[in-house]
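sequence unavailable; structure follows:
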């Protein structure tokens, strides 16, 4: 068993046939641990601290338990000595009898079989964002009882698919135990994404297979660890999307299940009028300026990294975690520093969603060393270039912008991250769990969210999508071909750009949500990855596989440093920019929307003598008009061979001498190897 770095005074720990328990509350006046069928113990407060402790004999794995906590009356307190509460450190959570949820004692023992965490250099990482439930729920290659489960994610057919795609890292939507929001429950609906955490230590039981659920919380945890082990044995990292910014207790009138009833005055952010100061839009915000709340976050991270052996974390609304006692974002916040420097977290990926909905909440580029941030600017730029601008060109004859912004995205968004951090500070993405799928970006001009039950008010109206002339499904071959080309352009830009690429599960199979861009509450028939035999899906899968192979083969496309003019920077890419005529780019070519074509000659700078030089030419043509482009002829290049193109049926074997004409027949991206 791996040694855990967690503070053993927190939560329930099985010891010598009994249990030791610890709880932190600065405002409680009494606290009791109740183990169903075993007894109860009044916890005693440790002098001069906020820690309450106690021990109880005859406690075993599978026993359910809860807390009873009493305290003062006041606007920031919600104590009730008779209300069962969850242990904030519970490693198992199940449906309760005395309350909706109850904690479960578990034994952490597990046979890891010698498996170790895969070592994946960040420049070689390919991230695949997936929902445990919807990834395999419709996959008939997975046994029926394992579909939509942790075991389904680790099934051999799923792993083969990930390996074919070139995925190195699977990023799972929240798997901490979660609940549906009260308004969804009252409407008979459920939260399908999981951004509504009940407890930060227990895996979500509903994502386990039916046999594991029936066997109890320990079997659920064992299935989760088994998934991690099998993915590791296949060389695939596991990253968890973690939601520490708020909890399922919602607003002041929401359900009190744990923290609010234990010490709500010191767990959540408060406004001067004794209402919650909410920077998440979910009713409450965890106050990480309070030590006990910050420790809860760090203890959870250590537990999953060490005991469950996960490889990293993507922090939902991470800007909320970095606000100080006055609710102001602080890039040097102690929580951020602890996450970056904790000895038990040095081998994990730290990925930030670098914003929240509070004042001054968009903080992309401000999270510092050891943090890789979701780059929403990349998403917006790439969608705009390949979709919105092309749509405008169809309507008016002139696209909306030149090519300069796309060039910045291709080269790693230096303006966001700066020379000191480098391009691997950004996670590039075109789609994510929220928003349109890749297919729907090319098939819908507007959202269609009626299925969510909010009269189409929810979800973003700024999608930067283009339906190519028809809203929704069509049998028109021309429209379908144009949509396919656009999807390949978007994918090509994603995998050819400097930074860490992230693909959303199902985009490689042209998954549709029928225009829904906020599908967190919709039914199973709308959101799962479609695994049925389909020519378009197979073609798009091979597109992704070809692009990840290309990226892996060319270090020039995945630099870990930004170059500096006049200096040789190992790990950076050296770039030369050519216009459509094969000559150097000019200001006119960069800025005028009518041109929208560039040739990007990029060469690697090896870290050492053993690393080979690498050079490629990337040609971007961002117009629907056919255009002849003269391939550049620098002194050290004699010929090119086409390595990949978003246009189908191009001649890849043909040798093209430098200085000859290459015809682009529409909006497209093309990669040439140097011969």
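Ah, there it is. The structure presented is a predicted model; accordingly, all values stated were derived computationally and were not measured.

where exactly do the strands run in the stretch 101-250 of the chain?
Using DSSP state E, counting those that start in this stretch, the strands of the stretch 101-250 of the chain run over 101-104, 127-130, 169-172, 237-242.

report the distance from the second one to the chain centre.
Distance of strand 127-130 from its chain centroid, counting by C-alpha atoms, centre = their mean, to the nearest Å, is 7 Å.

who does it pair up with?
strand 169-172 (parallel), strand 500-504 (parallel) (DSSP bridges).

can you redo the ones you listed as a markdown table with mean neighbour count?
Any C-beta I mention is one placed from the backbone N, CA and C, and that applies to glycine too. What follows is these, written out as a markdown table (neighbours: other C-beta atoms under 10 Å):
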| stretch | mean neighbour count |
| --- | --- |
| strand 169-172 | 25 |
| strand 500-504 | 26 |
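
format these as CSV; extra columns: mean pLDDT and distance to residue 625.
Formatted as CSV, those follow (pLDDT from 0 to 100; distance: least, C-beta to C-beta, whole Å):
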stretch, mean pLDDT, distance to residue 625
strand 169-172, 98, 39
strand 500-504, 98, 29
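
what's the closest of the ones you listed to residue 29?
strand 169-172 (40.1 Å; C-beta to C-beta).

which residues does that closest one contact?
120, 125-132, 153, 162, 231, 236-241, 311-312, 314, 349, 351, 502 (C-beta atoms under 8 Å, 6 or more residues apart in numbering).

let me see the ranges of the helices in the stretch 401-550 of the chain.
404-410, 414-421, 438-441, 477-496, 535-553 (DSSP state H, counting those that start in this stretch).

winner for burial among the ones you listed?
Highest mean neighbour count among the helices of the stretch 401-550 of the chain (mean count of other C-beta atoms under 10 Å): helix 438-441, with a mean of 25.

would you turn the helices of the stretch 401-550 of the chain into TSV with distance to residue 275?
Below are those laid out as TSV (distance: least, C-beta to C-beta, whole Å):
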stretch	distance to residue 275
helix 404-410	41
helix 414-421	34
helix 438-441	38
helix 477-496	42
helix 535-553	47
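
in a markdown table, list the ones you listed along with mean pLDDT and distance to residue 268.
Below are the helices of the stretch 401-550 of the chain laid out as a markdown table (pLDDT from 0 to 100; distance: least, C-beta to C-beta, whole Å):
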| stretch | mean pLDDT | distance to residue 268 |
| --- | --- | --- |
| helix 404-410 | 95 | 38 |
| helix 414-421 | 93 | 31 |
| helix 438-441 | 98 | 36 |
| helix 477-496 | 97 | 38 |
| helix 535-553 | 96 | 42 |
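
ok, which of those helices comes nearest residue 357?
Nearest to residue 357 among the helices of the stretch 401-550 of the chain is helix 414-421 (20.1 Å), distances taken as C-beta to C-beta.

can you check which of the helices of the stretch 401-550 of the chain gets nearest to residue 570?
Of all the helices of the stretch 401-550 of the chain, helix 414-421 comes closest under C-beta to C-beta, at 13.9 Å.

for residue 444, give its distance to residue 387.
Distance, residue 444 to residue 387, using C-beta to C-beta, to the nearest Å: 11 Å.

which helices and strands does the one helix or strand in the chain whose mean pLDDT sits lowest pack with?
Counting by mean pLDDT, DSSP states H and E, the weakest-scoring helix or strand in the chain turns out to be helix 587-591, with a mean of 85. Packing contacts for helix 587-591, counted by 3 or more C-beta pairs under 8 Å, 6 or more residues apart in numbering; DSSP states H and E, involve helix 404-410, strand 597-604.

neighbouring contacts of the first one?
It stands for helix 404-410. 377-378, 381-382, 384-385, 414-415, 428, 493, 496-498, 577, 590-591, 598, 600, 618, 620, 622.

buried subset of those?
377-378, 381-382, 384-385, 414, 428, 493, 496-498, 577, 590, 598, 600, 618, 620, 622 (16 or more other C-beta atoms under 10 Å).

ok, now which ones touch residue 219?
Residue 219 sits next to 208, 211-213 when contact means C-beta under 8 Å, 6+ apart.

wait, I meant residue 416
Residues near residue 416 by C-beta under 8 Å, 6+ apart: 364-365, 375, 377, 425-426.

could I get the contacts of residue 219 as TSV with pLDDT?
Below are these laid out as TSV (pLDDT from 0 to 100):
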residue	pLDDT
208	98
211	97
212	98
213	97
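
quick check: of those residues, which lies closest to residue 16?
Set against residue 16, the nearest of those by C-beta to C-beta is residue 212 (27.5 Å).

picking that back up, name the residues contacting each of residue 444 and residue 387.
Common contacts of residue 444 and residue 387 (C-beta under 8 Å, 6+ apart): residue 465.

I would like a PyMOL command selecting only the buried ones among the contacts of residue 219, please.
This is how PyMOL selects the buried members of these, with burial counted by 16+ other C-beta under 10 Å:
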select buried, resi 208+212+213
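
isn't residue 256 right up against residue 78?
Yes. Using C-beta atoms under 8 Å, residue 256 is in contact with residue 78, at 5.3 Å.

just how off-centre is stretch 638-655 within its chain?
Put simply, stretch 638-655 sits 34 Å off its chain's centre (C-alpha atoms, centre = their mean).

just the buried positions in it, please.
639-640, 642-647.

so which two of those residues are the farthest from each other?
Largest separation among those by C-beta to C-beta: 639 and 646, giving 21.9 Å.

domain-wise, how is this protein divided?
What automatic domain parsing lists as the domains of the chain is 11-104, 566-674.

first vs last residue of the longest one, how far apart are they?
Spelled out, that is domain 566-674. One end of domain 566-674 sits 24 Å from the other (C-alpha to C-alpha, to the nearest Å).

quick one: residues in contact with the helix or strand hosting residue 389.
Element membership for residue 389 (DSSP states H and E) is helix 389-396. Defining contact as C-beta under 8 Å, 6+ apart, one finds that helix 389-396 is touched by 398-401, 445, 466, 469, 486, 593, 596, 622-624, 667.

relative to helix 477-496, how tilted is that helix?
Helix 389-396 and helix 477-496 meet at an angle of 140 degrees, taking axes from the mean of the first three to the mean of the last three C-alpha atoms, to 10 degrees as the criterion.

so for helix 389-396, what gets flagged as buried?
Using 16+ other C-beta under 10 Å as the test for burial, helix 389-396 gives 389-393.

tell me the one of these nearest residue 421?
Nearest to residue 421 among the buried residues of helix 389-396, with distances taken as C-beta to C-beta, is residue 389, at 29.2 Å.
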